[in-house]
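>>> Everything below, folded, please.
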Amino acid sequence: MSEPAASRRIRRAARILLLAEDKSLLLFRFTPSDRPPLWATPGGECDGDEEFEVAARRELLEETGLALEPGPIIARRSNDFLTFDGEPVSADEAYFAIRVTDKFIDTAGHTAHELAVMQTHRWFTRDELASWHEVIFPEEILDILAKVDAA
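Numbering: from 1, shown residues only. Alright, predicted model coming up:
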């Protein structure tokens, strides 16, 4: 049974939809010890009262080596989950879409924790996102990408 939402810490996070010219999306593969592997967008928790946009810029640089402006928030999402450290949280996530012309990323800025759980990355086509054999977060990624396409 999960913790009641009222007792969970609010975990504010910025998530980046990094899109190449061919509309492929960058995802990282996480391999935590307590659950099956999963894929997720670059991004992470806001530091203290850090604004979502500032966190997006910082996380993008740390995780991809790219120093780019995140632009406006294109989607918001809330859900309850268990962090890789085992903490039950209520997520408040802001999504940003950033387009790139080059698929090269530099992962040298990954933290020790990221190095321990982020084993690889790849660019996914929309068809791959729809039929991938491992879990992809957020589950509604294709709906969010449709909003990006419509903008």
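>>> Flag every buried residue along the lowest-mean-pLDDT helix or strand in the chain.
Of all helical and strand segments in the chain, the minimum by mean pLDDT, DSSP states H and E falls on helix 112-117, at a mean of 79. For helix 112-117, the neighbour count (16 or more other C-beta atoms under 10 Å) marks Val117 as buried. From N, CA and C alone the C-beta is placed, and that goes for glycine too.
>>> for stretch 54-69, same thing?
Applying 16+ other C-beta under 10 Å to stretch 54-69 flags Ala55, Ala56, Arg57, Arg58, Glu59, Leu60, Glu62, Glu63, Thr64, Leu66, Leu68 as buried.
>>> what's the spacing between it and its chain's center?
12 Å (C-alpha atoms, centre = their mean, to the nearest Å).
>>> same thing with stretch 111-123?
With C-alpha atoms, centre = their mean, you get 12 Å for stretch 111-123.
>>> still on that earlier bit, identify all contacting residues around the least confident helix or strand of the chain.
Helix 112-117 is contacted from outside by Phe30, Thr31, Pro32, Glu62, Glu63, Phe84, using C-beta atoms under 8 Å, 6 or more residues apart in numbering.
>>> Please identify which of these is nearest to Asp47.
Nearest to Asp47, judged by C-beta to C-beta, of the contacts of helix 112-117 is Glu62 at 11.3 Å.
>>> Show the contacting residues for the closest one.
Here Glu62 is in contact with Gly44, Gly109, His110, Thr111, Glu114 (C-beta under 8 Å, 6+ apart).
>>> ditto for Thr111
Glu62.
>>> ok, 10 Å please
Thr111 makes contacts with Gly44, Glu62, Glu63, Met118, as judged by C-beta atoms under 10 Å, 6 or more residues apart in numbering.
>>> from those residues, which single one is nearest Asp92?
Nearest member of the contacts of Thr111 to Asp92, counting by C-beta to C-beta, is Gly44, at 13.1 Å.
>>> For that closest one, list each beta-bridge partner.
Ala14 (DSSP bridges).
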